[in-house]
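In: okay, here's the prediction I keep looking at, along with the sequence it came from:
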Amino acid sequence: MLASPFYADFVVDGEESGVLSVSAGPSNMSMPYAIDGILNGIEIIRLNSMGSLGSKHCGGWVVRNWPKGNVGAAVPLVAAACLLLLAGWSKLPTSVSKVILKHGNAQFLVK
């Protein structure tokens with residue numbers, strides 16, 4: 001019986017078709033009444049020949065070709081959102097002269 005999670009890492013050299021089949025099943029060493037197979041999570045990373053992760057272009061190409069005209073419109077929008085948050089933020093009153101605390105049937109006066 002497996003009393004703790006089992007983690008396994010695999011590296012697979014994919015075929016030319018690009019299809020990867022994943023399956024989960026019970027272990028042959030499991031007890032007959034507790035045979036079950038659960039796949040809780042999977043992470044698939046594709047490496048290509050250029051050394052980047054799953055894209056035909058590397059990170060430098062993406063940064064160089066990022067549209068620069070949209071940044072000018074985003075800055076005022078972020079500034080306006082910050083101003084709205086600051087204007088809507090109200091401070092809670094902190095000067096309380098006395099507070100009555102109720103605990104069960106007893107009342108306490110705190111100054």
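Out: Right, received. Where do you want to start? This structure is a prediction, so every number in the text was calculated from the model and none was measured.

In: every contact and neighbour count from this point should use C-alpha atoms.
Out: Fine.

In: could you look up the SS state of A87?
Out: Under DSSP: H, G, I helix; E, B strand; the rest coil, the three-state class of A87 is helix.

In: please tell me how far it sits from A24.
Out: 54 Å (CA to CA, to the nearest Å).

In: go on, L39?
Out: Using CA to CA, one gets 6 Å for the distance from L39 to A24.

In: also S17?
Out: 22 Å.

In: between these two, tell me which one has more neighbours.
Out: Set side by side, S17 and A24 show more neighbours around A24, with 10 against 6, by other CA atoms under 10 Å.

In: where does that one land in three-state SS?
Out: When the structure is split into helix, strand and coil by three-state DSSP, A24 lands in coil.

In: could you report the pLDDT at it?
Out: Looking at A24, its pLDDT reads 76.

In: was I right to think it contacts I42?
Out: No - counting by CA atoms under 8 Å, no contact exists between A24 and I42, whose distance comes to 10.7 Å.

In: low-confidence regions, the chain specifically.
Out: The model of the chain has pLDDT under 70 over residues 1-6, 27, 30-37, 47-72, 90-111.

In: which element is P76 on?
Out: Assessed by DSSP states H and E, P76 sits inside helix 71-88.

In: for that helix, output the C-alpha coordinates as PDB.
Out: Below are the C-alpha coordinates for helix 71-88, written out as PDB (Å, rounded to 0.1, in the frame of the first residue of the first chain):
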ATOM      1  CA  VAL A  71       2.500  51.300 -23.800                       C
ATOM      2  CA  GLY A  72       1.600  55.000 -24.000                       C
ATOM      3  CA  ALA A  73      -2.100  54.200 -23.600                       C
ATOM      4  CA  ALA A  74      -1.600  51.800 -20.700                       C
ATOM      5  CA  VAL A  75       0.300  54.200 -18.400                       C
ATOM      6  CA  PRO A  76      -2.600  56.800 -18.000                       C
ATOM      7  CA  LEU A  77      -5.000  53.900 -17.500                       C
ATOM      8  CA  VAL A  78      -2.900  52.500 -14.700                       C
ATOM      9  CA  ALA A  79      -2.500  55.900 -13.100                       C
ATOM     10  CA  ALA A  80      -6.300  56.600 -13.300                       C
ATOM     11  CA  ALA A  81      -7.000  53.200 -11.600                       C
ATOM     12  CA  CYS A  82      -4.500  54.100  -8.800                       C
ATOM     13  CA  LEU A  83      -6.100  57.500  -8.300                       C
ATOM     14  CA  LEU A  84      -9.600  55.900  -8.100                       C
ATOM     15  CA  LEU A  85      -8.300  53.400  -5.500                       C
ATOM     16  CA  LEU A  86      -6.800  56.100  -3.400                       C
ATOM     17  CA  ALA A  87      -9.900  58.300  -3.600                       C
ATOM     18  CA  GLY A  88     -12.200  55.400  -2.600                       C
END
